[in-house]
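J.: my questions concern the predicted model and sequence given below.
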Amino acid sequence: MSEAIANMLKEERRFAPPAGLAAHANVDAAAYEQAKADRLGFWATQARRLSWSKEPTETLDWSNPPFAKWFADGKLNAAYNCVDRHVEAGNGERVAIHFEGEPGDSRTLTYADLQKEVSRAANALLELGVKAGDRVAIYLPMIPETVVAMLACARVGAPHSVVFGGFSGDALAARIQDADARVVITADGGYRKGGASALKPAVDEALTKPGTEEVRNVLVVRRTGQEDISWTEGRDVWWHDVVDRQPDEHTPQSFDAEHPLFILYTSGTTGKPKGILHTTGGYLTQVAYTHHAVFDLKPESDVFWCTADVGWVTGHSYIVYGPLANGATEVLYEGTPDTPHKGRWWEIVEKYGVTLLYAAPTAIRASMKWGDDIPAKFDLSSLRVLGSVGEPINPEAWVWYRHHIGGNRTPVVDTWWQTETGGIMISPLPGVTETKPGSAQVAMPGISATVVDDEANEVPNGSGGYLVLTEPWPSMLRTVWGDDQRFIDTYWSRFEGRYFAGDGAKKDEDGDIWLLGRVDDVMLVSGHNISTTEVESALVSHPSVAEAAVVGATDPQTTQAICAFVILRGDAAEAEGLTEELRAHVAKQLGPIAKPKQILPVAELPKTRSGKIMRRLLRDVAEQRTLGDVSTLTDASVMDLIQAKLPGAASED
Ligand code: ATP
Ligand code: MG
């Protein structure tokens, strides 16, 4: 990417913060000034949002980069901060979690309930011999016990490694081995797409693999009541047998701020997942602050809902640690957006009066495809801030979200961050920023991000390059678990002294940041760098296109040729001449150089289980190679369907 990204998506729509929100916003423009004047002082102030058993006197130790220590002489307990202190402050009767199961069952847990449950689970872990520092793997559906289990681990100082419940036994085994887990917490099963799906067999299978021998116990929650569950005496124990009989009081011990809180594997969009290590004090400080600032959370009146799975970092930071540290009331939903009907999410918003919603672009694009009439059937007037995370959000999807979900009132905050960053890094603030559809815009107060060229020079406004973070931040990863060298090589070697995020970005004329997709995905066409994100957004801005994925495939004439895979909107047929029209549409939006050589309408796109498009697999297809690592792909059959669509596929049969 030696030259600026060739094309600039023209997006002129602007949305001012609503006056009412701005007048009472948790964070105003002064925060940027304060953080700029004294970055470490700013974070030291945010750390005081937490309860410390020993207040830190040091903020940052960066004497051995890239190994950071934040608040190193402070001591605290993460679970105490997320639960007990709210009860002690007199908010024990406040609802912490409105749980909505996929079959329609529901449960309400107040902070007082949560304190009892977490204490019991912590006592159970201790009875099973779990000690501070032992790793615990958690492989559960989206049920309250998942949150309880994570907090119980944090309470006894045992770093958890949550593995998404949709993963196979092999993927689970790899993560158990890598983290050397001592206990696995799982369930008989969970509900997914209208039926019970078993989890325990995958654990049994995983524990037959070499390198998992350290697992002493499997703690099993009964969720689905499946009967033919296999049982290993002495190893397997029911949650209700062990946890329910424990005393509901437990005195939390405090740990060093740098005590490991969890390991979490990245989603695998660009390759083999990495085990990211997060520690306690800095992580909790940043997730609590960003949740307070980006969602403008008013814990007494808001109902927050982050739709992510707890198996991803979004679930860790914005279902568990951020909202609960802030004493929020939140929704926890077990199922998918389209079960039993395509309005399920909107029904839940109406039922609980959700005010703050945090979702991924993939779900928004799916809703666009299903039709505007579905959300229109529900009362969504409680909503006041809408968040997006996980991928670049195409401007058309952003505008649809604001219009059809937010009733044209709500700010949309497009939040850029990663498993590695632990918390939100770049985002508008709902009471401050004039928003631009498709742009994450500005680094959070206290965060330093910029865009550089190949030689590490900051690019001028109006140009593109690589996104880098120029100063350490509290919730930064501390290393790749067990592999310091990979930590250094992956993030700190590309640009001296700066964190390389692996994402392409541009700065617009105002200096606002636009994410342009993975660096590995940027296309080189006849000497021009072209961003996959911009071509996809141009395609999605055509009324017939709901989703698009674009890759550069090797081409003898142009180095790479743009190959687009599109999902058409509900009512758009695969009309004669449509692909030609779409090519012309992209050329008009971005210039002729960005015109796709090939456009293939497909029914589905390959996605990670966290909902991100896996372009590297499409590139493998377009270049007729064997597919790379597919362990984090949702549905492998999607690839067969796509392969069958390729010109030339027929002749191979
Ligand atoms: P792996 O690193 O294993 O390939 P991954 O990067 O998909 O997996 P995550 O940490 O879950 O794993 O995702 C972080 C990435 O998601 C970012 O680097 C970025 O590419 C993308 N992303 C997240 N939020 C946004 C956003 N608001 N705008 C654009 N891209 C985003
Ligand atoms: Mg990544």
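T.: Received, thanks. Nothing here was measured: the structure is a model prediction, and the numbers come from that model. Ligands and ions are numbered 1, 2, ... in the order given.

J.: measure the closest residue to ligand 1 within the stretch 501-650 of the chain to K507 for me?
T.: Ligand 1 sits closest to L515 of the stretch 501-650 of the chain, with a gap of 3.5 Å, by C-beta to the nearest ligand atom. Every C-beta, even on glycine, is put in place using the N, C-alpha and C of the backbone. Remark: distance between L515 and K507 (C-beta to C-beta, to the nearest Å) = 11 Å.

J.: cool, and L284?
T.: 31 Å.

J.: those two: who's more crowded?
T.: With neighbours defined as other C-beta atoms under 10 Å, L284 and K507 compare such that L284 has more, 31 against 20.

J.: quick one, phi psi at the more buried one?
T.: phi -70, psi -40 (degrees, to the nearest 10).

J.: quick one: name the residues of the stretch 551-653 of the chain near ligand 1.
T.: Residues of the stretch 551-653 of the chain lying near ligand 1 by C-beta under 6 Å from any ligand atom: 610, 612.

J.: the strands in the stretch 551-653 of the chain, which residues?
T.: Assigned by DSSP state E, counting those that start in this stretch, the strands in the stretch 551-653 of the chain fall at 559-568, 598-601.

J.: go through those strands and pick out the most buried.
T.: strand 559-568 (a mean of 22; mean count of other C-beta atoms under 10 Å).

J.: that strand - contacts with which helices or strands?
T.: Here strand 559-568 touches strand 523-525, helix 532-540, strand 545-555, helix 578-590, strand 598-601, helix 615-622, going by 3 or more C-beta pairs under 8 Å, 6 or more residues apart in numbering; DSSP states H and E.

J.: so for F262, which of these sits nearest?
T.: The closest of the helices and strands packed on strand 559-568 to F262 is helix 615-622. By C-beta to C-beta, the value is 26.7 Å.

J.: so for that closest one, what's the average pLDDT?
T.: The pLDDT scores in helix 615-622 average 90.

J.: before we move on, what about stretch 420-437?
T.: In this model, stretch 420-437 has a mean pLDDT of 98.

J.: end to end, how far does that stretch reach?
T.: Length of stretch 420-437, first residue to last, C-alpha to C-alpha, to the nearest Å: 25 Å.

J.: what residues of that stretch count as buried?
T.: 420-433, 435-437 (16 or more other C-beta atoms under 10 Å).

J.: so how far is stretch 227-236 off the chain centroid?
T.: 33 Å (C-alpha atoms, centre = their mean, to the nearest Å).

J.: other residues contacting it?
T.: Stretch 227-236 is contacted by residues 188, 198, 200-201, 204, 207, 215-218, 220 when judged by C-beta atoms under 8 Å, 6 or more residues apart in numbering.

J.: and the pLDDT at the closest residue to H160 other than its chain neighbours?
T.: Leaving aside its chain neighbours, H160 sits nearest to C153 (4.2 Å; criterion: C-beta to C-beta, 6 or more residues apart in numbering). pLDDT, C153: 98.

J.: and C153, what does it touch?
T.: 125, 130, 136, 138, 159-160, 262.

J.: does it sit in a helix, a strand or a coil?
T.: The three-state label given to C153 by DSSP: H, G, I helix; E, B strand; the rest coil is helix.

J.: in JSON lines: the contacts of C153, plus secondary structure, pLDDT and distance to G315.
T.: Shown next, in JSON lines, are those (DSSP: H, G, I helix; E, B strand; the rest coil; pLDDT from 0 to 100; distance: C-beta to C-beta, whole Å):
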{"residue": "L125", "secondary structure": "helix", "pLDDT": "98", "distance to G315": "21"}
{"residue": "V130", "secondary structure": "coil", "pLDDT": "98", "distance to G315": "22"}
{"residue": "V136", "secondary structure": "strand", "pLDDT": "98", "distance to G315": "17"}
{"residue": "I138", "secondary structure": "strand", "pLDDT": "98", "distance to G315": "11"}
{"residue": "P159", "secondary structure": "coil", "pLDDT": "98", "distance to G315": "16"}
{"residue": "H160", "secondary structure": "strand", "pLDDT": "98", "distance to G315": "12"}
{"residue": "F262", "secondary structure": "strand", "pLDDT": "98", "distance to G315": "11"}
